[in-house]
Every structure is written in C-alpha cells, then in structure tokens.
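**Q** following is a predicted model, sequence given first.
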Amino acid sequence: MARLSADTKADALLLQHRVRVLSANSRGIVCAVIGDTDTYRVRVYRDGGLLVRECTCEHGQVHPVAANCSHVKAVQRIYSPDERTAS
C-alpha cells in the first residue's frame with residue numbers, strides 16, 4: 001500500500017476537523033493537531049524574516065525550525081503570518 005503524501009494527509013486533517021487553534025495573532029499561530037497516533041503541538045511564526053515551523057511529532061523533532069510534516073502543512077493552510085507585520 002502506498003503511503004499518503006504530507007499534502008494529502010494535511011488535507012484530510014482539515015476535512016476531519018482535527019486542527020484546533022489554541023492561539024493566533026498577526027505574527028504566528030499555535031495549534032493542537034490530532035494525528036493518527038497522538039496529538040501534536042504545532043507553532044508557525046515569523047522570527048524576523050524567517051518563517052519558523054515547529055511540530056512536536058517525530059519529523060518535527062528532526063527538523064526543529066523547518067518542519068514540513070502534514071501537521072504543519074495543515075496549519076499553514078489555515079494561517080500564514082502576515083509578512084508586513086514582521087519586524
């Protein structure tokens with residue numbers, strides 16, 4: 001059986017209402033994402049000109065500031081920090 005892509009999994013997370021916004025403002029967002037085996041904390045924010053994407057899943061621990069897992073992709077589909085407000 002073929003593995004689903006991170007993009008396909010991100011779409012499913014949103015369609016199944018498995019993304020819960022914990023806090024958000026013009027600079028970033030923090031969400032709880034209910035994955036297949038656990039609930040993960042996802043944070044997407046701007047640090048100067050850098051977009052930081054963090055997730056507590058296994059993939060996010062390997063790539064701590066540039067996670068690109070399905071959990072992060074799902075959060076980025078609903079929120080993107082406004083570049084104009086970044087300092």
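**A** Done, it's in. Since we're looking at a predicted model, the values are computed, not measured. Residues are numbered from 1 along each chain as shown.

**Q** the lengthiest strand in the chain: how far from the chain's middle?
**A** If you go by DSSP state E, the chain has its longest strand at strand 39-47. Between the centre of strand 39-47 and the centre of its chain there are 6 Å (C-alpha atoms, centre = their mean, to the nearest Å).

**Q** buried residues, it. List them.
**A** The neighbour-count check on strand 39-47 (16 or more other C-beta atoms under 10 Å) flags Y40, V42, R43, V44, Y45, R46 as buried. Quick note: C-beta positions are derived from backbone N, CA and C, even for glycine.

**Q** the bottom helix or strand of the protein by mean pLDDT?
**A** Least confident helix or strand of the chain, by mean pLDDT, DSSP states H and E, is helix 58-62 with a mean of 90.

**Q** pull the contacting residues for V65.
**A** L50, V52, R53, E54 (C-beta atoms under 8 Å, 6 or more residues apart in numbering).

**Q** show me where the chain has strands.
**A** So, for the chain - with DSSP E - the strands run 19-25, 28-34, 39-47, 50-55.

**Q** the second one: which residues count as buried?
**A** The one in question is strand 28-34. Those would be G28, I29, V30, C31, A32, V33, for strand 28-34 by 16+ other C-beta under 10 Å.

**Q** which residues does the residue nearest to the first one when sequence neighbours are not counted bridge with?
**A** With C-beta to C-beta, 6 or more residues apart in numbering as the criterion, G28 has its nearest non-adjacent residue at 2.6 Å, and that residue is Y45. Here Y45 sits in beta bridges with G28, V52, going by DSSP bridges.

**Q** list phi and psi for D38.
**A** phi -160, psi 170 (degrees, to the nearest 10).

**Q** that one and E58 touch, don't they?
**A** No: D38 is not in contact with E58 according to C-beta atoms under 8 Å; the separation is 9.5 Å.

**Q** follow-up on the earlier one: format the strands of the chain as a markdown table; extra columns: distance to Y79.
**A** Output for the strands of the chain, formatted as a markdown table (distance: least, C-beta to C-beta, whole Å):
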| stretch | distance to Y79 |
| --- | --- |
| strand 19-25 | 6 |
| strand 28-34 | 4 |
| strand 39-47 | 7 |
| strand 50-55 | 11 |
